[in-house]
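Engineer: just a sequence and a predicted model for now, questions to come.
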Amino acid sequence: MKSPFLAIVSLVPLLASAILPSNAVPLLPSQERALISLKAAWGNCVVTNTWIPGADCAKWSGIACDDRGMVTQLYISDYSCTGALTEAVGNLTELTQLDLTNNWRIGGGLPKSLSKLQKLESLGISDNIHGRISGGLPESIGKLTRLTFLAFRGTGLAGSIPRGLARLSRVEYLDLDYNRLTGEIPRELSRMAALNTLDLGGNRLTGSVPPTLAKIKGLKRLRLGKNKLSGALPVTVVLAMKSLEELDLHNNRFTASSIAALANHPSLTDINLSWNHITGRVPSQFGQMKKLGALRLAGNRLRGTVPEALLQNLPNLYELDLSFNGLSGEFPWANLKNAPVIEYLNLQRNAFTGAIPADAFQNVHVAVFNISFNLFSGPMPNLGFMGGEEEPPVDVRGNYFWGSPEFIMSNQKVCPEEGQADPDSGDDEYLAALNCLGKSSSCNMKQQRSRAACSNYCGTSTTNGPCSGHGVCVPAGGAVFKCRCASGYKAVGGKPHECVKA
């Protein structure tokens, strides 16, 4: 999932144009005619209401001029413009910045005259809410050789990526994210030596990652997620990009039996390999990547245990996502203290076992915590201090915890808010808590008033009694649950609900 912050970052080279210089110079007639033509094509744009023939440049909102009356910047962003970018734009030959980002419905095909803007340094036509740029990027885009910033994010571009892009050797930021681009990634893009961000995510690209991309030595962000890319995970290519900080290959079809080699990268801070076809184990070597801030390996085919060394020395780790794999054994909770800034921990849909130590979160504050649908057991962990803005911040359903569900009642976000019982309503309170945890609600609430006893009650009648302090409630078919002694404990006198240390 891409943060809204990144969409803002993508416009950094353009933001300076939001505050355009005051200029009392009258527009040249050719410039005035071009702007009036664009105004007619864009409908009732708020900003273009100030475009009145004969007025000085300073009175035309969204533009800047030089001392000759030639337009140098056109910044029509965050206004409700509709229509198309017409051929008239080609007459603004002194333009250095053209930004039509975040409008209402800018669409249509890209005008051929765009290639006349030989002085253009920044071009952004992104995130138009209902706009669609028909067709694809023309080969002629390669004629804009002074460009350093190029963004067509979320504009509906279709077709293949033109090889002519490779002629844009000065471009530092290329964003073609969330379009309908098809075909393979051109190997010629390796000639874009100035790139620090390459974002081709959210398209329909196929094939593998060209090995030639390894030649882009200064690349810091490689975002190829949400495509149909396949083949071996491009580990060799990534290791050759010594400056790379963000690697996003999620939601593709890459294969790998081991990803341990990535731990040798000197600069990676964000790794997202989720939802691919990666097998093997979680590498312990990742535990030595001191710069690592986010590790996302969800939705693969990882097996085995999580090595203790994974959390050995990650002082900057804020997100760990191992969900939807086949991991098992006990999670190294004791080493969580070595990741003191962790905010997001997702282990759901694995086969983790064991108890969560009471002091596991002593020095950390996890805002989003999901361990649902595993085989965790033991006392209910004290998670009342957790929780952030995201929903749901805490999810422990589908495990075999025992103990009071008090923490759920102190964190209403865990359970569904609609129809949830009032915390002071008695029996229904416990039922809501138990249902939220994925446990049986067949507990005899009227006879077992104690919260601890009720949350541990098993079976469909009171004769079985509640589990003891070291019993685990496990499914026994249908809506019936039974007690099983926790690891390290044994049943006494044939009564499985009475467990003592083995």
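Structural biologist: That came through fine.
Engineer: pull the CA atoms of the lengthiest helix in the chain into CSV?
Structural biologist: Scanning the chain for the helix with the most residues, using DSSP state H, yields helix 29-41. Provided in CSV are the C-alpha atoms of helix 29-41 (Å, rounded to 0.1, in the frame of the first residue of the first chain):
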residue,chain,number,x,y,z
PRO,A,29,-0.1,38.3,-27.7
SER,A,30,1.1,34.8,-28.6
GLN,A,31,1.2,33.7,-25.0
GLU,A,32,-2.2,35.3,-24.2
ARG,A,33,-3.8,33.5,-27.1
ALA,A,34,-2.4,30.2,-26.0
LEU,A,35,-3.7,30.6,-22.5
ILE,A,36,-7.1,31.7,-23.6
SER,A,37,-7.3,28.6,-25.8
LEU,A,38,-6.4,26.4,-22.9
LYS,A,39,-9.0,28.1,-20.7
ALA,A,40,-11.7,27.4,-23.2
ALA,A,41,-10.7,23.7,-23.3
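Engineer: quick check: buried residues in it?
Structural biologist: By 16 or more other Cβ atoms under 10 Å, the buried positions in helix 29-41 come out as 31-32, 34-35, 38-39, 41. C-beta here means a position set from N, CA and C on the backbone, and glycine is covered the same way.
Engineer: again, but for stretch 289-306
Structural biologist: 289, 292-300, 302, 305-306.
Engineer: start and end of that stretch, how far apart?
Structural biologist: Its first and final residues considered, stretch 289-306 spans 16 Å by Cα to Cα, to the nearest Å.
Engineer: ok so, going back, now, the most widely separated pair of the buried residues of stretch 289-306?
Structural biologist: The span of the buried residues of stretch 289-306, defined through Cβ to Cβ, is set by 293 and 305 at 23.7 Å.
Engineer: check the gap between residue 85 and residue 29 for me.
Structural biologist: Going from residue 85 to residue 29 by Cβ to Cβ, to the nearest Å gives 21 Å.
Engineer: equivalent analysis for residue 491, please.
Structural biologist: Remark: distance between residue 491 and residue 29 (Cβ to Cβ) = 96 Å.
Engineer: next one: residue 349
Structural biologist: 66 Å.
Engineer: same check, this time on residue 357
Structural biologist: 77 Å.
Engineer: quick one: distance of the longest helix of the chain to the chain centre.
Structural biologist: Mean-position distance between helix 29-41 and its chain equals 41 Å (Cα atoms, centre = their mean, to the nearest Å).
Engineer: where does pLDDT dip in this protein?
Structural biologist: For the chain, the stretches flagged by pLDDT under 70 are 1-23, 78-79, 104, 129-131, 383-392, 403-484, 486-488, 492-498, 502.
Engineer: please repeat the previous calculation with a cut-off of 50.
Structural biologist: Within the chain, the ranges that satisfy pLDDT under 50 run 1-22, 391, 404-466, 475, 477-481.
Engineer: immediately after the helix or strand containing residue 239, which helix or strand?
Structural biologist: Using DSSP states H and E, the element containing residue 239 is helix 235-240. Next along the chain after helix 235-240, taking DSSP H and E as the criterion, comes strand 246-248.
Engineer: check which helices and strands that next one is in contact with.
Structural biologist: Judged by 3 or more Cβ pairs under 8 Å, 6 or more residues apart in numbering; DSSP states H and E, strand 246-248 is in contact with strand 221-223, strand 270-272.
Engineer: which elements pack onto the last one?
Structural biologist: Strand 270-272 sits against strand 246-248, strand 294-296, with contacts defined as 3+ Cβ pairs under 8 Å, 6+ apart.
Engineer: show the subsequent helix or strand relative to it.
Structural biologist: That would be, after strand 270-272 and using DSSP H and E, strand 277-280.
Engineer: now do that following strand: distance to the chain's middle.
Structural biologist: The answer for strand 277-280 is 21 Å, by Cα atoms, centre = their mean.
Engineer: and for stretch 311-330?
Structural biologist: 17 Å.
Engineer: and it, end to end?
Structural biologist: One end of stretch 311-330 to the other measures 13 Å (Cα to Cα).
Engineer: measure the closest residue to residue 265 other than its chain neighbours to residue 262 for me?
Structural biologist: In this structure, residue 265 finds its nearest non-sequential neighbour in residue 239, 5.9 Å apart by Cβ to Cβ, 6 or more residues apart in numbering. In this view, residue 239 and residue 262 are 7 Å apart by Cβ to Cβ.
Engineer: cool, and residue 351?
Structural biologist: Distance of residue 351 to residue 262, given as Cβ to Cβ: 25 Å.
Engineer: likewise for residue 244?
Structural biologist: 10 Å.
Engineer: thinking again about what came up before, between residue 351 and residue 262, who's got more neighbours?
Structural biologist: residue 262 (21 against 14; other Cβ atoms under 10 Å).
Engineer: assumed that one was part of a strand.
Structural biologist: No - under DSSP: H, G, I helix; E, B strand; the rest coil, residue 262 sits outside any strand and is assigned helix.
Engineer: what's it in contact with, if anything?
Structural biologist: 235, 238-239, 247, 268, 271, 283, 286 (Cβ atoms under 8 Å, 6 or more residues apart in numbering).
Engineer: spatially nearest residue to residue 142 (excluding sequence neighbours)?
Structural biologist: Using Cβ to Cβ, 6+ apart, the closest residue to residue 142 is residue 164 (3.1 Å).
Engineer: now do the contacts for that neighbour.
Structural biologist: When contacts are counted by Cβ under 8 Å, 6+ apart, residue 164 touches 138-143.
Engineer: now the buried members of those.
Structural biologist: Among the contacts of residue 164, those classed as buried by 16+ other Cβ under 10 Å are 138, 141-143.
Engineer: in helices, which of those fall?
Structural biologist: Using DSSP H, none of the buried ones among the contacts of residue 164 sit in helices.
Engineer: now the helices and strands packed on strand 246-248 in CSV, with distance to residue 61 and mean neighbour count?
Structural biologist: Below are the helices and strands packed on strand 246-248 laid out as CSV (distance: least, Cβ to Cβ, whole Å; neighbours: other Cβ atoms under 10 Å):
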stretch, distance to residue 61, mean neighbour count
strand 221-223, 33, 22
strand 270-272, 38, 21
